[in-house]
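Peer 1: fold the following for me, if possible:
(2 chains)
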There are 2 protein chains.
Amino acid sequence: MSNMIKGNAVIGQSGGPTMVINQSLVGVIETLKSCRSIPKIMGARHGVSGIVKNDFFDLKKVTKSELERIANTPAAALGSSRDKPDEAYCEEIFKTFEKNDVRYFFYIGGNDSADTARIVNEMAKAKDYELRVFHIPKTIDNDLRVTDHTPGYGSAARFVASAFAGEDRDSASLPGVKISVVMGRNAGWLTAASVLGMQDSACGPHLVYVPEVAFSTEQFTDDVKRVYSKHGRCLIAVSEGVADKTGTPMMVNLAERLGHTVERDSHGNAQLSGSGALGDFLAEYIKQNVTLGRHKLRVRADTYGYLQRSFSGYASPVDQKEARTAGRKAAEFIMKGDIDGSVVMKRAKGEKYSISYERAELKDVARETKHLPRNFINKAGNGITAGYVKYALPLIGELPKLGKLM
Amino acid sequence: MSNMIKGNAVIGQSGGPTMVINQSLVGVIETLKSCRSIPKIMGARHGVSGIVKNDFFDLKKVTKSELERIANTPAAALGSSRDKPDEAYCEEIFKTFEKNDVRYFFYIGGNDSADTARIVNEMAKAKDYELRVFHIPKTIDNDLRVTDHTPGYGSAARFVASAFAGEDRDSASLPGVKISVVMGRNAGWLTAASVLGMQDSACGPHLVYVPEVAFSTEQFTDDVKRVYSKHGRCLIAVSEGVADKTGTPMMVNLAERLGHTVERDSHGNAQLSGSGALGDFLAEYIKQNVTLGRHKLRVRADTYGYLQRSFSGYASPVDQKEARTAGRKAAEFIMKGDIDGSVVMKRAKGEKYSISYERAELKDVARETKHLPRNFINKAGNGITAGYVKYALPLIGELPKLGKLM
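Peer 2: Residues are numbered from 1 along each chain as shown, chains lettered A, B, ... in the order given. Prediction:
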């Protein structure tokens, strides 16, 4: 195309993987492959860290059938990275780009990754180096402001919805209190998905707690007593990031009580995943604080953990398609001459679900976390509304039709 | 049929649910429905406890399409029970049977349930009450001696295989040490399934620990160091029931160290599921005991929990079909005049996977746990052999074809 400059392309993947992040990768590759202005499509091994080490895969070599298998594989095929580049790090990135005549840079990731893309882009401008930078969103957290939803969310939500649909039947089989902890540090989007497989209003989850509402152990015990009295069982969905009214995550609260070190990543965020402590703590709390007559409550807790982002073979078909298209669109935008940006999805108004793909400014992606709007959470702060269900149901693909006798 | 006595049928479900226990239920119902000698098909609400309370569903009323939806729903549609009937309890069961003219009793469950069926059967004989009793096996644990495998195992194994196939790619994306704890109190069948989705020998799980081999924390740290040095990461599958050389489960060991009460069920078994403690303990142990040069290891643990038995929408098609057939065969055996027994599956010799259904004595089902044979575990006691893969692969249905760049 006339407004393309000749040069190589680098693609990287960053942050926590999703079930469809490779769909976006393959969407970029298959679109660039036909482009004569781009001799090399270089895959950065482990994101920015591969760039500074000059460690790349030659992605033009990968066959169409191999690409298709990779697209259907969860987690980042190029390897991911949690590095947050500073100025010196970015200097190293540019040395590699100049050395390899890289003129196109695609970075697939969440809000931290959009921020990295923005910094790289600004350095390119300051150095008058002609570089086109595109960010392709992915995150199971669905917490990017500029887009209707993020690629990766629909598949994680499908997993959580199917998990709770089964948990509900399990809990009806062998009644008790069951707490399941869902990923989500700051926003309750994924935890909200726990309601999407409900057959009717007697089904669980009967209580849903998200980080958007301050968690109170008093309300928690009252809620559990009330639900248990009514249904003879209680199924609970809790975000890993639920916090007390001072803003302290319950997980940190717990870790400190138990004398454990709270591990933090290179961005300074406390490590909330990869431990069953929050669920175990909540279960223990119910055992100690809720009794119903002579009834000894059977309380169990599970923490879904990495399965929510990496389970193989159960991605949402809608999400797979959208993630693929997001990758293709990023490549098309860049080939049309758009210098930089991020791909966002806009939902058409009206009853029929339909998505169009647009360009957003990089600086707008990284800015803030998108929380669950208040009208997606019930008044009592312990449940999810029909408004959310209407928003989310088209994203997860069809669920199996279940049946029940009680 | 000529050798049938006229009377009603009771069906119950017992023990930990599976993804396909309702297939067996529906298999019994659809086969009995056509039988004129059986006026009522009564579903016992919550197993034996529903029988003594005279609390039944009228299963002839349930439509064909509702039955089909129930068959595809995880967990026990009739409700399950963990009661282990004693003599007095069995007296109550008989009062209900006599009162309702029950002549056919189907009990779908694991080894404890087979034992209950056997006791009920012996009481019937002692009282000269003509009762035909059939047990239909189900358990995700695959630990019944008399059958090639148990309905329920294939689906749980499919879940675990797909979970680890994704975990492996997640771990390649963001390397570290990842420990995932799989259900299995006494036998490592389900944990062994972690290897079924491996694309090649570099893929994880790199280490697999099962209850059949005494767990040593010294060998564990040595194993992790060796694998990490070789692959730069280490993915580990551990049975919840792993025990030290004295036979004490590591979970109990841990709970006592931390000052928690070890909860026990009515059968006196320690509660191993429904807590993330074992995984968290093992992760902590690695953090404290393994260092590789300046490298600080990233260690995470997940405990798969109830999802392994109740996840909705991802059952093994082979398992679904076999569980349905097991229910049908039980009803056919009883209609042919077989007084009592349990349905067992025999695998045909030869390369092609093929199953036939036979009758076993109730007393032979309950007798002992079937452990992983030694030749399914590698010499070092930390991995699973090709012999197991050959045995288990036909049970889980086709897995998605994955791809990789590294």
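Peer 1: look up how far A:Met251 lies from the closest residue to chain B within the stretch 251-400 of chain A.
Peer 2: For the stretch 251-400 of chain A, the residue positioned closest to chain B under C-beta to the nearest C-beta is A:Gly276, at a distance of 1.4 Å. Yep, even glycine has a C-beta here, placed from its N, CA and C like the rest. For A:Gly276, the distance to A:Met251 (C-beta to C-beta, to the nearest Å) stands at 11 Å.
Peer 1: can you check A:Ala330 too?
Peer 2: Distance from A:Ala330 to A:Met251, by C-beta to C-beta: 35 Å.
Peer 1: quick check: the residue of the stretch 1-150 of chain A nearest chain B.
Peer 2: A:Arg69 (3.0 Å).
Peer 1: what's around that residue, how many residues?
Peer 2: Counted with other C-beta atoms under 10 Å in any protein chain shown, the neighbours of A:Arg69 add up to 19.
Peer 1: OK, contacts around it?
Peer 2: A:Arg69 is in contact with B:Lys401, B:Leu402, B:Gly403, counting by C-beta atoms under 8 Å, 6 or more residues apart in numbering or on different chains.
Peer 1: what are the phi and psi values at the residue nearest to the second one when sequence neighbours are not counted?
Peer 2: Of all residues not flanking B:Leu402 in the chain, A:Thr73 sits nearest, at 4.3 Å (C-beta to C-beta, 6 or more residues apart in numbering or on different chains). Taking degrees, to the nearest 10, you get phi -110, psi 130 for the backbone angles of A:Thr73.
Peer 1: can you classify A:Cys35 by secondary structure?
Peer 2: Of the three states, A:Cys35 takes coil according to DSSP: H, G, I helix; E, B strand; the rest coil.
Peer 1: surely it touches A:Met4?
Peer 2: Yes. Between A:Cys35 and A:Met4 there is a contact under C-beta atoms under 8 Å: 7.2 Å.
Peer 1: now the common contact residues for these two.
Peer 2: A:Met335.
Peer 1: how about the helices in the stretch 151-300 of chain A?
Peer 2: A:153-173, A:189-192, A:217-231, A:250-257, A:277-289 (DSSP state H, counting those that start in this stretch).
Peer 1: tabulate the ones you listed (CSV), appending mean pLDDT.
Peer 2: What follows is the helices of the stretch 151-300 of chain A, written out as CSV (pLDDT from 0 to 100):
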stretch, mean pLDDT
helix A:153-173, 98
helix A:189-192, 98
helix A:217-231, 94
helix A:250-257, 72
helix A:277-289, 85
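Peer 1: just the pLDDT at the residue of chain A positioned farthest from its centre, thanks.
Peer 2: Relative to the centre of chain A, the most outlying C-alpha is that of A:Arg294, 43.1 Å out, by C-alpha atoms, centre = their mean. Looking at A:Arg294, its pLDDT reads 70.
Peer 1: kindly report the same for the one 3 residues further on.
Peer 2: On the pLDDT scale, A:Leu297 is placed at 86.
Peer 1: do the same with A:Asn3
Peer 2: So, for A:Asn3, pLDDT stands at 71.
Peer 1: which helix or strand contains A:Ile136?
Peer 2: Here A:Ile136, judged by DSSP states H and E, is contained in strand A:132-137.
Peer 1: report all helices and strands that that strand contacts.
Peer 2: Secondary-structure packing of strand A:132-137 (3 or more C-beta pairs under 8 Å, 6 or more residues apart in numbering or on different chains; DSSP states H and E): strand A:102-109, helix A:111-126, helix A:317-336, strand A:340-347, helix A:362-366.
Peer 1: for the stretch 151-300 of chain A, which residues are neighbours of chain B?
Peer 2: With the criterion set to C-beta under 8 Å from any C-beta of the partner chain, the stretch 151-300 of chain A comes near chain B through A:162-163, A:165-167, A:169-170, A:172-174, A:178, A:180, A:197, A:260, A:273-277, A:279-280, A:283-284, A:299-300.
Peer 1: next to chain B, which bits of the stretch 1-150 of chain A? Give me the list.
Peer 2: So far as C-beta under 8 Å from any C-beta goes, the stretch 1-150 of chain A lies against chain B at A:13, A:16-17, A:19, A:43, A:45, A:57, A:62, A:66-82.
Peer 1: drop anything exposed from those residues.
Peer 2: Buried residues within those, defined by neighbour count using 16 or more other C-beta atoms under 10 Å in any protein chain shown: A:13, A:16-17, A:19, A:43, A:45, A:57, A:62, A:67, A:69-82.
Peer 1: narrow those to those in strands?
Peer 2: When DSSP state E is applied, those are split such that A:Gln13, A:Gly43, A:Phe57 fall in strands.
Peer 1: I figured the first one hits A:Gly109, correct?
Peer 2: Yep, that's A:Gln13 we're talking about. Yes. Counting by C-beta under 8 Å, A:Gln13 does reach A:Gly109; the two are 6.8 Å apart.
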